[in-house]
Structures are given as structure tokens and as C-alpha cells.
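> give me the fold of what follows.
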Amino acid sequence: MLLGQQTILKFILLFLLILALSSCSPRQPAEVVASPEDLPVVEAQPPSIEARPREPLYTYEKDPGPANPDSFCLSLNDEPLLLPDGYVRLVGVVSGGKPIALIEVGGRGRCARMGDRIGDHVVVGIGPGSARLRKRKEQEP
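As a prediction, the model looks like this:
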């Protein structure tokens, strides 16, 4: 009888040891494998109208003026002007020793200082809320 009790006692101790060790192991979530039927189907589509650059997606209330004026002034919060490179508008001005005009040309932002070229025009003046551009002359670089 003593041999049977020792076997049962060993079995119980082994069971308690396994139970204690298994509760300390990290729990890992079961892997979920998606079947091909569960995956979304993505169909190829032609580019949307937003993907085409340099095309105006909106219209403005006032007439944009001549297509290529000799000289003009861009002001903050004004509507853009239409130039050959696209719509041009003043987005911001960084003031300081050498002011910088933040100008959007054809949907792309540019930082311009005095004398910088913007398409066929040159920045000739930067004020607190405005930037003046004039048409570049043939001999100007």
C-alpha cells in the first residue's frame, strides 16, 4: 500500500508543478489565417481628376485678369492670379532682415526672396502682407 501512495503523491506533485509552470508562461493569441475569400478585392482604377497636376479644380469669383501681366502685387487672403505656370497666390510672409514670401505656384509652395524668379516674373518687393512681382526682362538671368 505504501508503494501505491507514493506513486499517487508523486503524480499529484508532478501535476501541481506542471500547473504552476504553465500559468507562468506568456499567453499568445491564436493565429488567425484568412482565407482568400475573406480578403478584400481591389480593382485597378484610372487616376482621379485630383491626380492631374496644374489643372484648376475650382473657379474664382473675380476675373483673374490678363494671362501674363507685366507687374502685379500679391496680397494675403487674395484670390490667385492666373499665369502661364498656373495659379499664383501669396500664402505668407516671413519678415526679418531678409523677408521671404511664401508663394504657391500651380499648387506647389515656393519660398522666394527679393530677386528670385517665379516663372517669367521676378520678386521685386516683399511687404508685411504682400509681394510685388514684375515680368522678367530678356537680359535678366
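> how close does Gly125 sit to Val105?
Using CB to CB, to the nearest Å, Gly125 is found at 18 Å from Val105. For every residue, glycine as well, the C-beta is placed using N, CA and C.
> looking at those two, which is more packed in?
Taking other CB atoms under 10 Å, Gly125 and Val105 do not tie; Val105 has more neighbours (19 against 13).
> where along the protein do the strands fall?
71-75, 81-83, 86-94, 100-105, 108-112, 117-118, 121-126, 130-135 (DSSP state E).
> quick check: buried residues in the longest one?
When you say that, I think you mean strand 86-94. For strand 86-94, the neighbour count (16 or more other CB atoms under 10 Å) marks Gly86, Tyr87, Val88, Arg89, Leu90, Val93 as buried.
> what bridges to the residue nearest to Val91 when sequence neighbours are not counted?
Leaving aside its sequence neighbours, Val91 sits nearest to Leu102 (CB to CB, 6 or more residues apart in numbering; 4.4 Å). Bridge pairing for Leu102 (DSSP bridges) gives the partners Gly92, Cys111.
> tell me the pLDDT at Leu102?
According to the prediction, Leu102 has pLDDT 92.
> wait, it sits on Val88?
No: in this structure, Leu102 is not within contact of Val88 by CB atoms under 8 Å, at 11.9 Å.
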